[in-house]
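Asker: need a 3D model of the following:
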Amino acid sequence: MNTLPLNLKTAGLLIFAFAGVSCRGLQKAGAERAAVAVPDQWQQAQATMKRPARDLTKWWKELGDPVLNALIAEALQNSPDVRSLLTRVEESRALRGVERARLFPELSGSTSGSGSRRDNDL
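Answerer: Below is the predicted model of the structure:
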């Protein structure tokens, strides 16, 4: 049982056929491609190799924006270093272990004993 109207089916078939024809390409069968001259070496390679490397550790300063400079200075001052981050990760793992231990049942036990000795020689 098909529920699509006939004109919708026809439109879908036409779109599919048009897409198939258009994907064939603009080049006719048997046509040759034009040869493109490709240089052996990039022409500007030597010019770029001679420039010294730029220091990009403070690239934002070249923008000359005092607000951006202040925001980055504040972020660098308040950001934790790697050692303190590792310490926080270890701390959170330890806390996770403590919290995970609460999921398991607790076992407890105790023992007691008493003894007496009788001397039958009396």
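Asker: output the below-cut-off pLDDT ranges for the chain.
Answerer: For the chain, residues meeting the criterion pLDDT under 70 lie at 1-6, 20-32, 43-53, 121-122.
Asker: mind listing the helices in it by residue range?
Answerer: 6-22, 45-50, 66-78, 82-101 (DSSP state H).
Asker: now what about the longest one, what contacts it?
Answerer: Residues outside helix 82-101 that contact it (C-beta atoms under 8 Å, 6 or more residues apart in numbering): residue 80. For every residue, glycine as well, the C-beta is placed using N, CA and C.
Asker: output it as CSV, nothing but the C-alphas.
Answerer: Output in CSV follows, covering the C-alpha atoms of helix 82-101 (Å, rounded to 0.1, in the frame of the first residue of the first chain):
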residue,chain,number,x,y,z
VAL,A,82,50.6,22.3,36.3
ARG,A,83,51.7,21.1,39.7
SER,A,84,48.8,22.5,41.5
LEU,A,85,46.4,21.0,38.9
LEU,A,86,48.0,17.6,39.3
THR,A,87,47.5,17.9,43.1
ARG,A,88,43.8,18.8,42.6
VAL,A,89,43.4,15.8,40.3
GLU,A,90,44.9,13.5,42.9
GLU,A,91,42.8,15.0,45.6
SER,A,92,39.6,14.5,43.6
ARG,A,93,40.6,10.9,42.9
ALA,A,94,41.1,10.2,46.6
LEU,A,95,37.7,11.7,47.4
ARG,A,96,36.1,9.6,44.7
GLY,A,97,37.7,6.5,46.3
VAL,A,98,36.2,7.5,49.7
GLU,A,99,32.8,8.2,48.3
ARG,A,100,32.9,4.9,46.3
ALA,A,101,33.8,3.0,49.5
